[in-house]
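> model this:
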Amino acid sequence: MKPRPVPDVSLLTVEELYLCRNGKVEKSCDSMVPKHGGQANTTASPYTLSVDSTVFKPGDHIRVTLSGRQQFEGFLIEARDAEDPEGPAVGSFALTKPEISQLLTCHSIQGSAVSHTSAAKQTEVDVMWNAPAGAPPTVRFLATVVAQYNNFWVKVPSPVISQSGVTPHPIQPTTSSAATETTAVLPQPFSSEGCGQWKSCLLDPAHCNPATDTHCFFLSYRTEGQSVQFELSGPTQGYISFALSDDEWMGNDDVYLCVNDGGRVTVNAAYAAGRTYPEMADKTVLSDVGWRVADGVIQCKFRRATIIPQDPQRFSLDHSYYLFIAHGSAQHGEIHKHKRQPLISAQRQAITGPAEIVTGSRSPLIMKCHGALMLIAWMVAGSTGTFIAGFFKPDWPEKTLFGQRIWFQVHRVVMMLTVMLTFVGFTLPFVYRRHWSRGASAHAFLGCIVMALAVIQPIMAALRPAPDSSR
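The predicted structure follows:
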């Protein structure tokens with residue numbers, strides 16, 4: 001069984017893990033929809049995609065320019081068959097400004113797409129398209145443009161270009177493949193009424209009620225036919241999320257996010273591969289979505305099918321999983337790492353099983369033992385040994401214990417106990433984590449220093465000359 005994460009281990013930052021910032025967006029090649037969630041902007045795009053020629057023949061080079069009235073921080077450009085805009089990419093590109101653009105391999109065609117290299121804002125980028133020998137009679141360029149994390153346009157079209165001597169047929173307007181999600185504002189907060197009766201609930205603190213307690217973290221789920229309805233609530237201004245996991249360790253989990261974006265909540269399914277930024281679901285898998293933001297609390301609900309075969313990253317709800325609840329800050333709909341330890345259910349839960357009240361904890365037992373041992377070692381044993389050495393030397397001057405003065409024997413025993421307790425407490429996080437944490441905080445480094453000093457102390461005591469020595 002994998003261990004739970006320790007409180008002093010933080011996730012890598014969004015800037016380190018959010019691959020869309022460096023333009024490595026091959027996973028968006030098919031739909032051209034960003035994988036960070038949210039809904040595409042359906043208003044008139046402030047960006048245009050233009051070409052320097054509307055006629056081409058195989059081997060020609062066509063200049064394609066993306067420009068706009070406002071700055072953008074990300075883009076993806078592809079060429080498609082104008083009569084089959086959902087088909088694979090056509091031809092390849094050459095860069096004119098490699099410092100701001102890069103080639104991607106889409107649909108197994110090297111250089112068939114172009115994207116940004118960083119989140120640096122710009123207003124124009126141009127590339128050269130190389131017309132292939134087997135190009136379709138008509139071609140249209142499409143661009144997805146990200147103005148901000150939560151503000152983007154999908155498949156902004158260019159004029160249609162056609163091969164020499166070909167009369168283009170009327171082309172249907174290109175529409176975004178981004179799914180439209182209908183949400184509703186919840187009229188009232190959730191309630192813990194019915195927990196353990198007709199719905200299962202995970203609550204923190206135990207027995208709290210989200211209807212009256214603004215500090216209550218709450219997750220409920222109940223089976224309705226071939227689907228399950230989830231309710232999620234928590235005190236946060238940014239986002240609240242929960243995950244289904246096969247183990248007690250974060251990573252490779254089915255995640256559901258409720259993100260506050262300027263007073264409006266977006267609800268997304270996602271998948272966290274390892275300890276990475278969640279990859280948002282490409283298809284709409286949630287229904288009956290509702291949300292509420294009031295008194296510093298985010299609440300959302302949704303329904304999803306028990307089994308979603310078309311999306312393998314959505315776990316089957318017929319199985320049992322550990323439940324995680326996490327929350328953190330968000331800006332412009334972009335979530336950041338959570339700074340507080342997630343709430344993790346004490347055991348696997350059968351999502352479609354009988355209703356029950358689920359217990360959970362933010363601190364695993366092994367880490368509680370770590371803290372307790374360190375507290376006993378230094379607040380009790382270490383302090384006692386120091387106090388005896390400092391104040392009890394004159395006492396019992398004629399009495400000895402095993403050949404040594406009483407104060408010294410007591411001092412030596414409690415200080416050795418301090419070292420042993422420190423050693424056991426020091427090893428517990430490594431047993432728990434199984435390796436050194438890449439995100440270790442100052443606490444971990446100070447612990448290593450304390451352990452080193454604790455080991456050096458008895459070595460120095462053993463090498464110290466006797467009190468009556470000439471040295």
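> List the buried residues of stretch 353-361.
355, 358, 360 (16 or more other Cβ atoms under 10 Å). Heads up, the C-betas are built off the backbone N, CA and C, glycines and all.
> residues of stretch 94-110 that come out buried?
So for stretch 94-110, counting by 16+ other Cβ under 10 Å, buried means 95, 100-104, 106, 109.
> and which of the buried residues of stretch 353-361 is nearest to residue 273?
Nearest to residue 273 among the buried residues of stretch 353-361, counting by Cβ to Cβ, is residue 360 at 23.9 Å.
> OK, contacts around the closest one?
Neighbour list for residue 360: 202, 204, 323, 325, 343-346 [criterion: Cβ atoms under 8 Å, 6 or more residues apart in numbering].
> so which pair among those is furthest apart in space?
Applying Cβ to Cβ across those, the maximum distance is between 325 and 346, 13.1 Å.
> which of those two has more neighbours?
residue 325 (24 against 13; other Cβ atoms under 10 Å).
> any idea which helix or strand carries that one?
Per DSSP states H and E, residue 325 falls inside strand 320-328.
> So what's the model's average confidence on that strand?
Averaged over strand 320-328, pLDDT sits at 95.
> Which secondary structure elements does that strand sit against?
Contacts defined by 3 or more Cβ pairs under 8 Å, 6 or more residues apart in numbering; DSSP states H and E place strand 320-328 against strand 200-204, strand 217-224, strand 227-235, strand 239-245, strand 343-345, strand 349-350.
> Return the most buried member of these.
Counting by mean count of other Cβ atoms under 10 Å, strand 239-245 has the highest mean neighbour count of those, with a mean of 25.
> what's the helix or strand in which residue 452 is found packed up against?
In the assignment (DSSP H and E), residue 452 maps to helix 442-463. Using 3+ Cβ pairs under 8 Å, 6+ apart as the contact test, the elements touching helix 442-463 are helix 406-433.
> pLDDT below threshold where in this structure?
1-21, 36-38, 167-182, 275, 282-283, 438-440, 467-471 (pLDDT under 70).
> Can you tell me the centre-most residue of the chain?
With distances taken as Cα atoms, centre = their mean, residue 277 lies nearest the centre of the chain, 3.9 Å away.
> Checking that one next. Helix, strand or coil?
coil (DSSP: H, G, I helix; E, B strand; the rest coil).
> Kindly report the same for residue 385.
Under three-state DSSP, residue 385 comes out as helix.
> ok, back up a step: for the helices and strands packed on strand 320-328, give me TSV that also has distance to residue 410.
As requested, these are arranged in TSV below (distance: least, Cβ to Cβ, whole Å):
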stretch	distance to residue 410
strand 200-204	44
strand 217-224	48
strand 227-235	50
strand 239-245	49
strand 343-345	43
strand 349-350	51
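> Tell me which of the ones you listed sits nearest to residue 127.
Between the helices and strands packed on strand 320-328, strand 239-245 lies closest to residue 127; by Cβ to Cβ that is 35.7 Å.
> Give me the next element, helix or strand, following that closest one.
Downstream of strand 239-245 (by DSSP H and E), the next one is strand 253-261.
> how close does residue 183 sit to residue 266?
According to Cβ to Cβ, to the nearest Å, residue 183 stands 8 Å off from residue 266.
> give the contact list for residue 316.
Counted by Cβ under 8 Å, 6+ apart, residue 316 has contacts 306-307.
> Quick check: phi and psi on it?
For residue 316, the backbone dihedrals are phi -70, psi 130 (criterion: degrees, to the nearest 10).
> quick one, what contacts the residue lying closest to residue 323 once chain neighbours are set aside?
Nearest residue to residue 323, sequence neighbours excluded (Cβ to Cβ, 6 or more residues apart in numbering): residue 345, at 4.2 Å. Residue 345 sits next to 202, 322-324, 358-360 when contact means Cβ under 8 Å, 6+ apart.
> One more: residue 50?
64-65, 67, 158-159.
> I'd like those as a markdown table, with distance to residue 318 and secondary structure appended.
Output for the contacts of residue 50, formatted as a markdown table (distance: Cβ to Cβ, whole Å; DSSP: H, G, I helix; E, B strand; the rest coil):
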| residue | distance to residue 318 | secondary structure |
| --- | --- | --- |
| 64 | 48 | strand |
| 65 | 52 | strand |
| 67 | 51 | strand |
| 158 | 47 | coil |
| 159 | 51 | coil |
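> sorry, back to before: wait, which of the buried residues of stretch 94-110 is closest to residue 52?
residue 95 (16.1 Å).
> The closest one touches residue 103, doesn't it?
Yes: look at residue 95 against residue 103 with Cβ atoms under 8 Å: they come within range, at 6.6 Å.
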